[in-house]
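[1] Need coordinates for the following:
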Amino acid sequence: MLISKRIPAFVLFAFLIILLVPNTVYAVPPPDFLFNLGSAISQSFSVVVLLLSAIFGVPYKYLQTKLILLKSKKIIFWSISIVLIAGLSVGSAYLYGNFKQKQEYDTWVTESNKYAQLPQEQEAYLKKEKIPRGIEKNLEQNSVDQLNIGENKEVKAKIKRAAENEEKFITTVKNSDNQKNTQFVKDYYQAIALEDFEKAYDMSKKSVDLATFKSWYDKTTKISLDQVSIIDTKKLSWELTLYEADTYTRYGVLADLKLENGNPVQIISSDVRVLSEGSTVTSNIEEPTESLLTNEVIESSTSDFFEKNKNIALSISNKNFQKALNDDKNNYIVLDAREDLEYKNGYFPDSTHVRFADLQAGEWIKLPTDKFVYVLCWSGIRGKEVATFLRTKNIAASYLENGANGWVEFGGKWVGNIKFAEKYTEDKYKKLFTTSQIKNKVEEGVLLVDSRQPWKFEKWHIPGSVNIPIMYTPTIDIGNVFDQIPPGSQVITICDDYVNCFDAKITAVELESRGHTFLGRYNKPWEYK
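    Residues are numbered from 1 along each chain as shown. This next block holds a predicted model:
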């Protein structure tokens with residue numbers, strides 16, 4: 001009889017023990033945001049059970065005394081007790097777990113922002129020209145009203161300095177990357193500036209005769225070559241400014257070169273855009289000019305389409321995006337600026353895919369200026385950066401406010417997967433190492449791959465780590481960047497904010513495709529020292 005009376009208490013005790021057994025859990029930081037409920041409960045019970053013990057101790061004894069006389073009610077009593085305790089415990093633990101989750105997330109965001117790169121430090125880094133090819137200063141304004149379309153302060157200052165310079169050819173471009181192609185562009189414009197037109201004509205695509213070619217530069221008093229970006233072995237882009245007395249025209253050029261024995265000898269094709277034009281002493285010029293680089297009239301920075309639409313909202317909602325798709329005007333393109341791996345997993349039908357790093361390297365010149373460009377990324381964060389960048393190039397760009405992920409949840413058309421976790425389900429893609437674990441892994445010979453932006457890496461990084469900022473690396477450099485890792489390495493990727501923590505996963509998949517073993521991520525590098 002005594003044993004039978006203790007059975008319900010034993011069952012309750014066993015039930016609580018099962019719930020209270022702690023499990024090792026690796027939290028999943030942004031951009032995942034999805035925490036396992038069972039893990040949150042197991043982590044929280046040490047606090048919750050103490051609370052429940054105090055709350056239910058006295059009432060439980062009272063009810064037990066009152067109902068013990070009603071032997072027929074014992075089963076009901078114990079059943080209700082177990083369900084009530086379990087329900088309140090799970091509910092309390094869930095709420096507490098959510099509270100702790102938000103608290104840890106806020107702490108993580110605060111710490112990661114504390115170590116984020118300041119804009120002026122980023123600019124200082126970029127001026128050293130140690131970044132991967134094709135990366136230029138990113139404008140970090142938050143709305144179109146804050147954008148100085150076509151001419152930011154840095155460009156204006158550069159134009160003014162060049163105008164005051166007495167030399168006919170000015171450049172700050174170094175030959176640190178793909179020296180032959182970069183030097184070819186420098187030699188071409190130096191020849192024009194020094195009026196060695198025969199040499200420059202032989203290097204040009206010869207779309208017109210020599211006399212016409214000379215006439216393009218009759219009034220040119222100075223040329224400033226500001227930037228050269230290599231896209232592949234034959235393709236490159238550059239920006240330059242041509243001066244005529246007190247006026248200037250700033251161009252963006254995307255060109256293909258003819259190679260002989262690996263050396264560039266001629267421009268075989270080019271796309272040219274006017275980025276801005278104006279006076280070094282008065283207000284901006286508004287009329288389109290004939291290109292000095294081709295024999296065609298090219299688009300001005302003040303084209304009608306862009307002028308009419310440059311003040312549209314920087315973001316577009318799913319509803320308005322769907323409305324644009326249903327319209328028959330054919331006045332838009334959908335630009336997918338995500339990484340190759342993301343695009344292969346799933347994509348918007350008939351979209352144009354160009355990685356952001358390649359857009360910055362000069363591929364933006366291929367985009368139309370007479371259509372809206374709707375930019376897709378995963379969540380909208382990169383999309384905003386891309387759209388902001390394109391607007392500085394006089395392209396009427398907007399980004400889908402919640403990215404491709406929000407679009408798919410909205411019910412929009414899509415081919416394939418959208419979520420990384422739907423294809424890459426292994427625990428290693430969720431696993432995060434603690435600082436002490438990372439130090440142990442380093443001692444064991446594991447290599448740390450830092451996926452953060454290059455200017456962050458240069459400012460501070462864990463000794464011995466290797467920087468692979470895939471999202472900031474033009475396609476031509478991807479192979480060389482990953483070749484830094486010795487064959488067959490065990491690797492852990494490092495990140496510290498929303499975007500590059502997802503980037504760390506993309507980097508991991510690329511590392512695995514190259515024969516390396518990925519173990520997990522580390523998202524608090526500031527704790528390492």
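
[2] by contact count, what packs against the helix or strand containing Phe502?
    Phe502 is located in helix 498-513, with elements delineated by DSSP states H and E. For helix 498-513, the packing partners by 3 or more Cβ pairs under 8 Å, 6 or more residues apart in numbering; DSSP states H and E come out as helix 340-345, helix 381-391, helix 475-482, strand 490-494, strand 517-522. Using the backbone N, CA and C atoms, a C-beta is placed for each residue, glycine as well.

[3] Can you give me the buried ones in that helix?
    Going by neighbour count (16 or more other Cβ atoms under 10 Å), the buried part of helix 498-513 is 498-511.

[4] re earlier: can you lay out the helices and strands packed on helix 498-513 as TSV showing distance to Phe410, mean neighbour count and mean pLDDT?
    Listed next are the helices and strands packed on helix 498-513 as TSV, based on distance: least, Cβ to Cβ, whole Å; neighbours: other Cβ atoms under 10 Å; pLDDT from 0 to 100:
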stretch	distance to Phe410	mean neighbour count	mean pLDDT
helix 340-345	18	17	93
helix 381-391	15	23	92
helix 475-482	31	16	89
strand 490-494	31	23	97
strand 517-522	29	21	96
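
[5] Going by residue numbers, what spans are strands in the stretch 251-400 of the chain?
    Listed in chain order, the strands found in the stretch 251-400 of the chain under DSSP state E, counting those that start in this stretch are 263-279, 315-316, 332-336, 346-347, 352-353, 372-376, 397-400.

[6] ranking those by burial, who's on top?
    When neighbours are counted by mean count of other Cβ atoms under 10 Å, the highest per-stretch mean among those falls to strand 397-400, a mean of 27.

[7] Flag the shaky bits of the stretch 201-350 of the chain, pLDDT-wise.
    For the stretch 201-350 of the chain, residues meeting the criterion pLDDT under 70 lie at 282-303.

[8] circling back to that earlier point, need the helices and strands packed on helix 498-513 in CSV with distance to Ile231, can you?
    Conversion of these to CSV gives the following (distance: least, Cβ to Cβ, whole Å):
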stretch, distance to Ile231
helix 340-345, 15
helix 381-391, 16
helix 475-482, 6
strand 490-494, 26
strand 517-522, 29
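
[9] show me where pLDDT drops low in the stretch 51-200 of the chain?
    Scanning the stretch 51-200 of the chain for pLDDT under 70 picks out 51-78, 89, 93-94, 96-98, 100-156, 158, 162-163, 175-178.

[10] switch the cut-off to 50
    Within the stretch 51-200 of the chain, the ranges that satisfy pLDDT under 50 run 117-119, 123, 125-150.

[11] how about the helices and strands packed on helix 498-513, which one is nearest Gly416?
    Shortest separation from Gly416 across those is recorded for helix 340-345, at 5.8 Å, computed as Cβ to Cβ.

[12] what's in contact with the closest one?
    Surrounding helix 340-345, the residues in contact under the criterion Cβ atoms under 8 Å, 6 or more residues apart in numbering are 336, 353, 355, 378, 416-418, 420, 422-423, 506, 509-510.

[13] give me every residue that touches Tyr332.
    By Cβ under 8 Å, 6+ apart, the contact list for Tyr332 reads 324, 371-374.

[14] ok, now Val354?
    335-337, 363, 366.

[15] Max pairwise distance over those residues: which two?
    For the contacts of Val354, with distances taken as Cβ to Cβ, the pair at the greatest spread is Asp336 and Lys366 (14.1 Å).

[16] What residues of the helix or strand containing Tyr189 count as buried?
    When elements are assigned from DSSP H and E, Tyr189 belongs to helix 179-193. Applying a neighbour-count criterion of 16+ other Cβ under 10 Å, one finds 181-182, 184-186, 188-193 buried in helix 179-193.

[17] For the residue nearest to Gln227 when sequence neighbours are not counted, name its beta-bridge partners.
    Beyond its immediate neighbours in the sequence, the residue positioned closest to Gln227 (Cβ to Cβ, 6 or more residues apart in numbering) is Glu239, lying 4.6 Å away. For Glu239, the beta-bridge assignment (DSSP bridges) gives partners Gln227, Gly252.

[18] Help me confirm that Glu239 comes into contact with Leu275.
    Yes. Using Cβ atoms under 8 Å, Glu239 makes contact with Leu275 at a distance of 6.9 Å.

[19] Mind listing the shared neighbours of these two?
    Contacts common to Glu239 and Leu275, judged by Cβ under 8 Å, 6+ apart, are 250-252.

[20] and which of these is nearest His461?
    Closest to His461, out of all of the shared contacts of Glu239 and Leu275 and judged by Cβ to Cβ, is Gly252, at 33.2 Å.

[21] could I get the contacts of Tyr332 as TSV with distance to Thr221?
    Rendered in TSV, the data for the contacts of Tyr332 read as follows (distance: Cβ to Cβ, whole Å):
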residue	distance to Thr221
Ala324	45
Lys371	36
Phe372	38
Val373	35
Tyr374	41
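
[22] Leu95: which of those is nearest?
    Within these, proximity to Leu95 (Cβ to Cβ) peaks at Tyr374, which comes in at 40.0 Å.

[23] of the contacts of Tyr332, closest to Lys456?
    Distances from the contacts of Tyr332 to Lys456 were compared by Cβ to Cβ; the smallest belongs to Val373, at 28.6 Å.

[24] Report the buried residues of stretch 449-464.
    When burial is assessed from 16+ other Cβ under 10 Å, stretch 449-464 yields the following buried residues: 449-457, 459, 461-462.

[25] rewinding a little: any idea which of the helices and strands packed on helix 498-513 gets closest to Leu95?
    If we rank those by Cβ to Cβ, the stretch that ends up nearest is strand 517-522, at 28.3 Å.

[26] quick one on the thing from earlier: what's the distance between the residue nearest to Gln227 and Ala397?
    Here the distance between Glu239 and Ala397 works out to 18 Å (Cβ to Cβ, to the nearest Å).

[27] re the thing from before, in JSON lines, list the strands of the stretch 251-400 of the chain along with distance to Gln437.
    Output for the strands of the stretch 251-400 of the chain, formatted as JSON lines (distance: least, Cβ to Cβ, whole Å):
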{"stretch": "strand 263-279", "distance to Gln437": "49"}
{"stretch": "strand 315-316", "distance to Gln437": "40"}
{"stretch": "strand 332-336", "distance to Gln437": "36"}
{"stretch": "strand 346-347", "distance to Gln437": "33"}
{"stretch": "strand 352-353", "distance to Gln437": "37"}
{"stretch": "strand 372-376", "distance to Gln437": "36"}
{"stretch": "strand 397-400", "distance to Gln437": "37"}
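
[28] any idea how far the residue nearest to Gln227 is from Asn394?
    With distances taken as Cβ to Cβ, Glu239 is found 13 Å from Asn394.

[29] repeat for Val354
    Using Cβ to Cβ, which is the criterion applied here, Val354 is 17 Å from Asn394.

[30] Show me what the helix or strand where Lys439 lies is packed against.
    Under DSSP H and E, the secondary-structure element containing Lys439 is helix 435-443. Identification of packing neighbours for helix 435-443 by 3+ Cβ pairs under 8 Å, 6+ apart yields strand 517-522.

[31] got the angle for the strand it packs on vs helix 498-513?
    With axes from the mean of the first three to the mean of the last three Cα atoms, to 10 degrees defining the directions, strand 517-522 sits at 170 degrees from helix 498-513.

[32] What is strand 517-522 packed up against?
    helix 435-443, strand 490-494, helix 498-513.

[33] Comparing the ones you listed by mean pLDDT, which bottoms out?
    Out of these, helix 498-513 stands lowest, with a mean of 91 (criterion: mean pLDDT).

[34] I'd like to check what contacts that one. Which residues are they?
    Residues outside helix 498-513 that contact it (Cβ under 8 Å, 6+ apart): 29-31, 339, 341-342, 378, 381-382, 420, 424, 428-429, 449, 451-453, 468-471, 478, 482, 485, 491, 493-495, 518, 521, 523.

[35] Then stretch 446-453?
    When contacts are taken as Cβ under 8 Å, 6+ apart, the neighbours of stretch 446-453 outside the stretch itself are 117, 122, 438, 442, 457, 461-462, 464-472, 485-486, 489-497, 500, 503-504, 507, 511, 519, 522, 525.
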